[in-house]
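A.B. asks: starting from these lines, generate the structure:
(one chain, ligands or ions: 1)
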Amino acid sequence: MLNMRDVDISGKRVLIRVDVNVPLDANLNITDDTRIRAVLPSINYALDEGAKVIIASHMGRPKGQVVPELSMAPVAKRFKRLLKKEVELAPDSIGPEVKAMVEKMQDGDVIMLENLRFHQAEIDNDDAFAKELASLCDVYINNAFAVAHRENASVVAITRHAPVCAAGFLLQSELNYFAKAMNDPARPLVAIIGGAKVSSKLGALHHMLQHVDKFVVGGAMASTFLKSVDYNVGKSKVEDDLLWEARSLMKRATMQGTAFYIPVDAVVADRFSPDAESKIVPIREIPPEWMIMDIGPATALLYSEVLASAKTIIWNGPMGVFEMDAFSRGTMSMVNYVANSYALSIVGGGDTDVAIHKAGETHRITYISTGGGAFLALMEGKTLPAVAALERHQAKI
Ligand code: 3PG
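C.D. replies: Below you'll find the predicted structure:
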């Protein structure tokens, strides 16, 4: 896959597809600009090379409608502040007005296109839409890792029309870090898997089982694993249809010598509420009317020992309901263990990322992915359609 350093962009119209699908509050203020900051090196590089930069992204899921609350306006404003230069917001992502704006661009100018998903054609990976987008540029750069698992026009079909295509620095480093952890890791390689549901992580669990030395499981999904080996988990949410699958996964792990850790104690609550009554109980003693909200201190200690010997760590999903302070201790202690570890640590998935930010430990994690679904797709061993599209383009030239 070509990198943007490999192509001549000087004086060219360069369309950089980024994923700046960032959270906004009710007043449309950006509450976390990590994804915007993450793409700045590629944009600054293009500007330093004297390119005319056209930034394109989606925001939210407007389903092909123009939804004013999902305009790229706040993002364009943030880019303007961070790049310290004018960033004009186009009224659309395609069409004559946008074309006219692009034609007037001087070297070093920056334009931000309006939300690509205001067109259903973007979601449909529509060829005609992609062709129009591609007609805006001489060089297409895909720097949008977080949407690379989607077959959308601006990341897949566009590569059939843009004359020159390459990967931006963020896309490249996301792929490089993940490959480093999975393909030739320093061992032991430990995967920490948490979050709400086994069903959403099943693909990842199966694929990772072929690579990792140790699994550490937490979050609500641990209840399904616990129940599958006959623990009473009270009122905790369990995916009953996956009990057999959960048990056989653990069995497979044991048979191949992969350690598979599930909680030995838990913080339980009498209801799902921040001010619920709570207590710490051994895993065998969960009261029938209570539910698991977090891993307990004995589990945290056990997991810290597993992590202390790790040389590579991949983490996706929190250990408990960390949004509620009373149930955040398990996740927060995992953040500390990972941060203190000498291992190469790679963390992905929206919630895990939030927990690390909350703990103020971003600088002590080797790599925090900007992707949620895309990161999970890599953990599932899938080829990302946007990456495959760039590779196909290169194979043709
Ligand atoms: C994300 O936030 O994970 C990406 O921007 C992809 O968004 P999507 O799940 O709406 O395709």
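A.B. asks: just give the nearest non-adjacent residue to Ile192, would you?
C.D. replies: Trp315 (4.2 Å; CB to CB, 6 or more residues apart in numbering). Using the backbone N, CA and C atoms, a C-beta is placed for each residue, glycine as well.
A.B. asks: what is the neighbour count of the closest residue to Ser236 other than its chain neighbours?
C.D. replies: Counting by CB to CB, 6+ apart, Ser236 lies nearest to Ser223, which is 3.9 Å off, once chain neighbours are set aside. Ser223 sits with 25 neighbouring residues when counted by other CB atoms under 10 Å.
A.B. asks: also Tyr342?
C.D. replies: Around Tyr342 there are 9 residues (other CB under 10 Å).
A.B. asks: Val190 pairs with what?
C.D. replies: Beta-bridge partners recorded for Val190 (DSSP bridges): Lys214, Ile313.
A.B. asks: that one against Lys214, yeah?
C.D. replies: Yes. Contact criterion CB atoms under 8 Å: Val190 and Lys214 qualify, at 4.6 Å.
A.B. asks: which ones are touching the residue nearest to Asp25 when sequence neighbours are not counted?
C.D. replies: Nearest residue to Asp25, sequence neighbours excluded (CB to CB, 6+ apart): Thr31, at 5.4 Å. When contacts are counted by CB atoms under 8 Å, 6 or more residues apart in numbering, Thr31 is found next to 22-25.
A.B. asks: need those in CSV (columns: neighbour count, distance to the ligand and pLDDT).
C.D. replies: Shown next, in CSV, are these (neighbours: other CB atoms under 10 Å; distance: CB to the nearest ligand atom, whole Å; pLDDT from 0 to 100):
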residue, neighbour count, distance to the ligand, pLDDT
Val22, 18, 9, 96
Pro23, 14, 9, 94
Leu24, 16, 13, 96
Asp25, 8, 17, 96
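A.B. asks: picking that back up, quick one: the residue nearest to Ser236 is in a strand?
C.D. replies: No. The assignment for Ser223, made by DSSP: H, G, I helix; E, B strand; the rest coil, is helix rather than a strand.
A.B. asks: now do the contacts for it.
C.D. replies: Taking CB under 8 Å, 6+ apart, we find Ser223 in contact with 233, 236-238, 292.
A.B. asks: filter these down to the buried ones, PyMOL style.
C.D. replies: Only the buried entries of those go into this PyMOL selection, using 16 or more other CB atoms under 10 Å:
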select buried, resi 233+236+238+292
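A.B. asks: just flag the most distant two among the contacts of Ser223.
C.D. replies: Maximum pairwise distance among those (CB to CB): 9.9 Å, between Val238 and Ile292.
A.B. asks: close to the ligand: what parts of the stretch 101-250 of the chain are there?
C.D. replies: 146-147, 150 (CB under 6 Å from any ligand atom).
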